[in-house]
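J.: model this:
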Amino acid sequence: MSAARSFYQEGGFETVIGLEVHCQLATASKLFCGCSATFGADPNEHTCPVCLAMPGVLPVLNRRAVEYAIRAALATDCKINTTSRWARKNYFYPDLPKAYQITQYEQPYCEHGRVTFDVDGAEHTVRLTRIHMEEDAGKSVHDAHPSWSLVDLNRAGVPLLEIVSEPDLRSGAEAAAYMRKMRSLVRYLGISDGNMNEGSMRCDANVSLRKRGDSVLGTRAELKNLNSFRAVERAIAYEIERQAEILLGGGAVVQETRLWDADRGVTRSMRSKEEAHDYRYFPEPDLLPLVIDDAWIERVRSELPELPDARRARFVAAYGLSDYDSGVLTASKELADWFEAAVAAHDNPKALANWITSDVLRVANESSAEGETDFSKLPFAPGHLAALVRLIDDGTISGKIAKTVFSKMVESGEEPQAIVAREGLVQVTDESAIAAVVDRVVAANADKVAEYRSGKDKLFGFFVGQVMKESHGKANPALVNRMLKERLDG
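T.: Numbers count the residues shown, from 1 in each chain. Okay, here's the model as predicted:
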């Protein structure tokens, strides 16, 4: 596809992408019945006559799910409609027991929001067409039996938000960044765990190309099975190239649903794309219209937590952090909480931020699934990192020794003070002891001393390294630098 890639990169096409994000709400029970909505139970354990669609049963709306939906609307600046209506979306599939899905169609509960996020330091805004509530379908299992596909209906009836964006995205990287911001929002709001590997957040991408400068949208393909940030980016990149090759060859893109095959790194045709009329939407006769009054909205608004953008601004103002570091720390609520717990234990936010955005994040990511960093799995607590930084600040250990102590904290989970005491890692601050090492290094390198004094200033680092090596990294760096200056420049 190199010719297509070249033509696209030279400005022949513009990519147009819209996302439909399905977010599973973290309610205790399902949307229209009292069955548990928790993940991980044995197949078909969390079912009842309502979610199994037995004759004569009636749905009863979960009020907590509506409150979670209101939170999402407020956090994304959506217009909340006072009255919305439920509809039946009719289609047949083995994991849809009613043969229809209760959703919202013509009158969703909210519309016209926006989400802002950063890509490579530039701020982007994506408009939201709508957010609506619906129930989830079950799950078809194709690999548990050699001859049969099985159905697990535990997920059937679990409350979902479908968040539909305008076609404002232009690349796979932008789409993945948008997904990360959406996941961050729902976790801050406490309405979903956003775990893509468990299906709590899923994404369908509508991708099309048009000649650059055209206003008319091209024919789109809908990409399914995007269950990680990496999958979102890779699938869209492949689809852009596939469509560009078709158009470059004089062909026409077919409107269809395509499945992302992560193993092969390609999208493949799944079915022709249905239009709205194919689902035969009609009003749900068993549910009254949903009425959300102003008092309810304002009560939910008053209970909203601090959201990522506001927390990022506070970290810049209160802790003196860079905008970049604040963005990294606040992208995850868990990481932001971890950082603030460390600051509460030792008031040096800049040093703690440096450790967390590099070493701590690296350790956390190494033990976590993609996009699902779990800080509860860290072998040490925020207070341990705070104690390590305090040891550096009070001169007990050097920054170099601190790296060794940190590695041992990762291995054992011990407090840094105990590691320093056991390993004998206390920094040497005795000036006479350091002076003796400096004198030995200078005497042993007379040729380098002559070169340094003749103008090769960069050799100063060599002398510092030799002193630190001979002192096993324990000599106080500031004293080493001062004494070497005195000896070499004197």
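J.: now do the helices in the stretch 1-150 of the chain.
T.: The residue ranges that make up the helices of the stretch 1-150 of the chain, judged by DSSP state H, counting those that start in this stretch, are 2-9, 63-75.
J.: and stretch 457-466, average pLDDT?
T.: Average pLDDT, stretch 457-466: 88.
J.: tell me how far that stretch is from the chain's mean position?
T.: How far stretch 457-466 lies from its chain's middle: 43 Å, per CA atoms, centre = their mean, to the nearest Å.
J.: buried residues, that stretch. List them.
T.: 459, 463-464, 466 (16 or more other CB atoms under 10 Å). Heads up, the C-betas are built off the backbone N, CA and C, glycines and all.
J.: which residues does it contact?
T.: With contacts defined as CB atoms under 8 Å, 6 or more residues apart in numbering, stretch 457-466 is touched by 441-442, 445, 448, 451-452, 477, 480-481, 484, 488.
J.: include pLDDT, distance to residue 408 and secondary structure when you put those residues into a markdown table, please.
T.: Rendered in a markdown table, the data for these read as follows (pLDDT from 0 to 100; distance: CB to CB, whole Å; DSSP: H, G, I helix; E, B strand; the rest coil):
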| residue | pLDDT | distance to residue 408 | secondary structure |
| --- | --- | --- | --- |
| 441 | 88 | 28 | helix |
| 442 | 88 | 33 | helix |
| 445 | 91 | 33 | coil |
| 448 | 87 | 34 | helix |
| 451 | 85 | 38 | helix |
| 452 | 87 | 36 | helix |
| 477 | 81 | 21 | helix |
| 480 | 83 | 24 | helix |
| 481 | 87 | 27 | helix |
| 484 | 89 | 29 | helix |
| 488 | 87 | 35 | helix |
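J.: widest-spaced pair of the residues you listed?
T.: Pairwise distances across the contacts of stretch 457-466 (CB to CB) peak at 22.8 Å, for the pair 451 and 477.
J.: surely residue 410 is within a strand?
T.: No: residue assignment for residue 410, taken from DSSP: H, G, I helix; E, B strand; the rest coil, gives helix, which places it outside any strand.
J.: and it, what's its pLDDT?
T.: Predicted confidence (pLDDT) at residue 410: the value is 94.
J.: residue 227 now?
T.: Confidence per residue is given as pLDDT, and for residue 227 that number is 87.
J.: what about residue 260, which helix or strand?
T.: Secondary-structure assignment from DSSP states H and E places residue 260 in strand 256-261.
J.: list the buried residues of that strand.
T.: Using 16+ other CB under 10 Å as the burial criterion, the residues of strand 256-261 that qualify are 257-260.
J.: gap between the residue nearest to the spatial centre of the chain and residue 105?
T.: The chain has residue 180 as the residue nearest its centroid, 3.9 Å off, counting by CA atoms, centre = their mean. In this view, residue 180 and residue 105 are 29 Å apart by CB to CB, to the nearest Å.
J.: tell me which residues touch residue 387, please.
T.: 345-346, 415-417 are the contacts of residue 387 under CB under 8 Å, 6+ apart.
J.: of those, which belong to helices?
T.: Among these, the subset assigned to helices under DSSP state H consists of 345, 416-417.
J.: from these, pick the one nearest residue 285.
T.: Checking the ones in helices among the contacts of residue 387 against residue 285 by CB to CB gives residue 345 as the nearest, at 58.3 Å.
J.: wait, the closest one touches residue 389, no?
T.: No: Residue 345 sits out of contact with residue 389 when judged by CB atoms under 8 Å, with a separation of 9.2 Å.
J.: more crowded one of the two?
T.: Summary of the neighbour comparison: residue 345 and residue 389, criterion other CB atoms under 10 Å, with residue 389 having more neighbours (24 against 17).
J.: helix/strand/coil for the more buried one?
T.: In the three-state summary, residue 389 is assigned as helix, counting by three-state DSSP.
J.: got the buried residues for the longest helix seen in the chain?
T.: Assignment by DSSP H gives helix 229-248 as the longest helix of the chain. Of the residues in helix 229-248, those buried by neighbour count under the rule 16+ other CB under 10 Å are 229, 231-240, 242-248.
J.: the closest residue to residue 481 other than its chain neighbours: what secondary structure?
T.: By the measure of CB to CB, 6 or more residues apart in numbering, the closest residue to residue 481 outside its immediate chain neighbours is residue 464, 6.6 Å from it. Applying three-state DSSP to residue 464 yields a three-state assignment of helix.
J.: distance of residue 464 from residue 471?
T.: In this structure, residue 464 lies at 11 Å from residue 471, with CB to CB as the measure.
J.: quickly list what's touching both of those two.
T.: Common contacts of residue 464 and residue 471 (CB under 8 Å, 6+ apart): residue 480.
J.: surely residue 256 touches residue 243?
T.: No: in this structure residue 256 lies outside contact range of residue 243 using CB under 8 Å: 11.4 Å.
J.: which neighbours do these two have in common?
T.: Overlap of the contact sets of residue 256 and residue 243 (by CB under 8 Å, 6+ apart) consists of residue 221.
J.: got a pLDDT number for residue 4?
T.: With respect to pLDDT, residue 4 scores 52.
J.: now swap in the one 10 residues further on and tell me
T.: Residue 14 carries a pLDDT value of 91.
J.: which residues does it bridge with?
T.: Listed by DSSP bridges, the beta-bridge partners for residue 14 are residue 210.
J.: would TSV of the contacts of residue 387 with distance to residue 294 and pLDDT be doable?
T.: Formatted as TSV, the entries for these read as follows, by distance: CB to CB, whole Å; pLDDT from 0 to 100:
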residue	distance to residue 294	pLDDT
345	43	97
346	45	97
415	52	95
416	53	96
417	55	94
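J.: save those as a markdown table, and put in distance to residue 43 too.
T.: Compiled in a markdown table, those are given as follows (distance: CB to CB, whole Å):
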| residue | distance to residue 43 |
| --- | --- |
| 345 | 45 |
| 346 | 49 |
| 415 | 45 |
| 416 | 47 |
| 417 | 50 |
